[in-house]
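Chemist: just coords:
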């Protein structure tokens, strides 16, 4: 990024003003809608500013991993669709999209959001596989947090698929929910100069010095983290960033719960 | 044969494939074509009936470089004998050494001393070939490297509205916000000022972009600016002297401004000219 | 000829399409965009360009080129679709390009490309036709020169009966012959720019189908144009 423009962003942040006029810890208007795709077992659409993401859950059956014969499998995939931003191109997944998927996946997996033991059909032989696909339609920043929220909302929205002779009957769903036990909310805090911000636009992301994604649970414990960006962080930075992440996670959790209750 | 019956009203939005006229009484202009006795739109736009000629004013679409346009370019490569710039169009432009500076630049000199990668520069398009090779110059009044500030992208077809008649609209925004603003024909705009004021300037520009077809837009924008900034703003048309001063003030980045050029610019009826830049003499 | 097929599963008339919704300008970052929904089948299209074409050897110095990319989202069908291009999606991308190409005029953009990305969020048959309809709106929204819309739908032939807009359930009717004919047309001229078919039918079925589809596609073209005009409603 042009150094002049970066300095300009930094100077404005020092005065507490972001490019779009928001305060440093202010989110854009966030809208979450669930059950938007009939072909998916569960789905959600998240809109925040100009960013729009769709997440969908598909179930299938398969053999468990040998080291966990009684556990189902959950995987998160994201693809930075070339539709969503002129800077994305068709082709194999880029490192950014792999990172986004892995950070969302880690938050959900490490918190044991999905009780995979309950996804076992026959020990060592047959288990449910839960595929979470998170796809941005329009990318204007903050894909990790918003993708994570979309994934959670879709998981909460999902119903199990009917099983007949060990084979899933695609298109037929039971009334049973997926075994979702908790909700880790990912919050990414960005550091630009000495300023900490949340919910960056794509333009702000380009000016980032360092970022820290913190996945926060209901009791304010942390279940996953990822540091990104080129600059190092001090202990104080980390303290402040985690504080801000916990504070924002409470607001986001409220919005998510309201959307799920609708 | 009939004179032709207009099926769509003047200033209405027309879309590709829409039949505009049946009959031979009209002539097809830009954005339309004739098929047998019909004239049909082939581009999304606002219909303009100009006597017997039908044409459309585009509402969307990317910028296409045109000779003599004043644009903002972004340095994307440093070449053996110049710079390559992104022009927010399908075609990049080349700024040759001889057009970069009034000083002589020796071959093999360190070109980053003049322009570095990622710099934004106000340029004039000097030539566009049939194969869309684009040459630009940075030599001329008002053409310069932009320092500080921020860049936003706007719809290239709305640039004349953002600038306004004789630069009245952009002067209004500058007066109200105290920001320096340069709008390039290619839809790249540069804004620099106090952070809160910049936000107001950007929001105002977005508002003009979205409501460019609304009548009484200047009054609406004026009211919005007074509300947003919380102070009285003089309408540019009412006080031409003030406007002149304001433009002079915001001109500070281009030292070479001579007053004759300034007056030429202000007199210019060409609403498409840049406000921050004096209209260069041909 | 008597037929066992007398009533469509969802009660539609034989020449009736499912409910259609279309909207232009749904993806802010794109130069042009649209979505087109027919029944449950939902296609988004985003246009980027004209822009510089890489790799260079693909450039055409005489004209800009159109490049389409059709993709189904993993959760868009009952069984998960593996992400990334497949032989199927590559073929559909190619026929989509050929379906839209004849109305486009890109000679003002030598060496450049107009990219069209089509994403299906949900499918219930007729996805390539929905993709073409969405793409045509998105291209017009992007301000590209085109002499007309392109409108597309799937004609069904079920046991000698011609039906419009075959849905997923009808596609899988057993015991009788079913044919699926995706077709795209330039509505004002009747020129056919996409024609595929699978199943089994007679030549007469095909010609009757083409006759029957024309007014349906003209109606779809109106919906496409309205979507564009609605974007600029005051």
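Modeler: Arrived safely. Please read all numbers here as calculations on a predicted model, not as lab measurements.

Chemist: C-alpha from now on. contacts and neighbour counts both.
Modeler: Fine.

Chemist: where does the stretch 51-200 of chain B dip in pLDDT?
Modeler: Low-confidence segments of the stretch 51-200 of chain B, defined by pLDDT under 70: none present.

Chemist: how about the strands in it?
Modeler: Remark: strands assigned in the stretch 51-200 of chain B by DSSP state E, counting those that start in this stretch are B:53-58, B:70-79, B:82-86, B:93-96, B:120-128, B:134-137, B:150-153, B:180-183, B:188-192.

Chemist: Touching the third one from outside, list them.
Modeler: Residues from elsewhere that reach strand B:82-86, judged by CA atoms under 8 Å, 6 or more residues apart in numbering or on different chains: B:73-78, B:92-97, B:100, B:111, B:115.

Chemist: Got a quick PyMOL command for the buried subset of the residues you listed?
Modeler: To isolate the buried members of the contacts of strand B:82-86 in PyMOL, using 16 or more other CA atoms under 10 Å in any protein chain shown:
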select buried, chain B and resi 73+74+75+76+78+92+93+94+95+96+97+100+111+115
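
Chemist: Please go through chain C and pick out the longest helix.
Modeler: helix C:203-231 (DSSP state H).

Chemist: hmm, back to that, highest mean neighbour count across the strands of the stretch 51-200 of chain B, which stretch is it?
Modeler: Most buried of the strands of the stretch 51-200 of chain B by mean neighbour count (mean count of other CA atoms under 10 Å in any protein chain shown) is strand B:180-183; its value is a mean of 26.

Chemist: does chain A sit close to that strand?
Modeler: No. Strand B:180-183 lies out of reach of chain A by CA under 8 Å from any CA of the partner chain, never closer than 13.8 Å.

Chemist: Now flag whichever of the contacts of strand B:82-86 is closest to residue C:144.
Modeler: residue B:92 (19.4 Å; CA to CA).

Chemist: From chain C, how far off is that closest one?
Modeler: Going from residue B:92 to chain C by CA to the nearest CA, to the nearest Å gives 8 Å.

Chemist: and the gap between that residue and chain A?
Modeler: 16 Å.

Chemist: next one: residue B:177
Modeler: 14 Å.

Chemist: ok, now which ones touch that residue?
Modeler: With contact taken as CA under 8 Å, 6+ apart, residue B:177 is in contact with B:193, B:197, B:198, B:200, B:201, B:229.

Chemist: again with residue C:218
Modeler: Shown in contact with residue C:218 (CA under 8 Å, 6+ apart): C:151, C:187, C:188.

Chemist: picking that back up, now the two most distant members of the contacts of residue B:177.
Modeler: Maximum distance among the contacts of residue B:177 (CA to CA): 13.4 Å, for B:193 and B:229.

Chemist: who has more neighbours, these two?
Modeler: In this view residue B:193 and residue B:229 are compared by other CA atoms under 10 Å in any protein chain shown, and residue B:193 has more residues nearby, 20 against 15.

Chemist: I'd say that one and residue B:175 touch.
Modeler: No. Using CA atoms under 8 Å, residue B:193 is not in contact with residue B:175; the gap is 11.7 Å.

Chemist: still on that earlier bit, take the strands of the stretch 51-200 of chain B and write them to a markdown table, including distance to residue C:71.
Modeler: Listed next are the strands of the stretch 51-200 of chain B as a markdown table, based on distance: least, CA to CA, whole Å:
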| stretch | distance to residue C:71 |
| --- | --- |
| strand B:53-58 | 30 |
| strand B:70-79 | 32 |
| strand B:82-86 | 30 |
| strand B:93-96 | 34 |
| strand B:120-128 | 37 |
| strand B:134-137 | 36 |
| strand B:150-153 | 29 |
| strand B:180-183 | 38 |
| strand B:188-192 | 32 |
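
Chemist: Give me the contacts around the lowest-mean-pLDDT helix or strand in chain C.
Modeler: In chain C, the helix or strand scored least confidently by mean pLDDT, DSSP states H and E is helix C:168-171, which has a mean of 94. Contacts to helix C:168-171, defined as CA under 8 Å, 6+ apart, come from residues C:8, C:9, C:124, C:125, C:178, C:179, C:180.

Chemist: Apply 6 Å and report the result again.
Modeler: Applying CA atoms under 6 Å, 6 or more residues apart in numbering or on different chains, the contact partners of helix C:168-171 are C:124, C:125.
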